[in-house]
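Trainee: Quick one, fold the following:
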Amino acid sequence: MDRKRIPAAMEATALARAAQDQCAPEANLPTFPRAMAVVAGVLIEGQATHSPGEWQTYNCEFHTSRAWQHFYAHFDHEPTEDHLAHAAIRLLMALELRERRKD
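Mentor: Residues are numbered from 1 along each chain as shown. This is a model prediction of the structure:
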């Protein structure tokens with residue numbers, strides 16, 4: 001694993017554990033450390049091609065649409081990038097924006 005991915009993966013795991021701490025102790029929610037490390041790595045790579053906070057300038061529907069495009073590419077076995085990870089990130093972005101609207 002790339003050294004610069006490790007801190008981001010640890011941060012993602014810490015966030016997952018913090019979310020779990022807010023739940024009932026018996027919930028014992030999974031933290032998905034390997035998946036979160038992949039997501040963190042893609043986010044780090046995205047910093048090279050996207051400006052900070054750019055994702056927030058788009059709406060929930062835009063990110064959901066992009067997630068679908070990544071799903072289709074994933075099922076078509078398009079090898080250009082990790083489409084499953086990119087779809088997951090787009091869905092997380094959409095979910096974050098949706099939850100912010102509730103505030």
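
Trainee: how about the nearest residue to His86 once chain neighbours are set aside, what does it touch?
Mentor: Once flanking residues are discounted, His86 sits nearest to His70: 4.5 Å by Cβ to Cβ, 6 or more residues apart in numbering. Any C-beta I mention is one placed from the backbone N, CA and C, and that applies to glycine too. Contact analysis of His70 by Cβ atoms under 8 Å, 6 or more residues apart in numbering lists His83, Leu84, His86, Ala87, Arg90.

Trainee: mind redoing it with 6 Å?
Mentor: By Cβ atoms under 6 Å, 6 or more residues apart in numbering, the residues touching His70 are His83, His86, Ala87.

Trainee: what's the closest of those residues to Ala40?
Mentor: His86 (13.1 Å; Cβ to Cβ).

Trainee: So what's the residue count around Trp68?
Mentor: The tally of other residues near Trp68 (other Cβ atoms under 10 Å) stands at 13.

Trainee: Tell me how far it lies from Ala48.
Mentor: Trp68 sits 24 Å away from Ala48, going by Cβ to Cβ, to the nearest Å.
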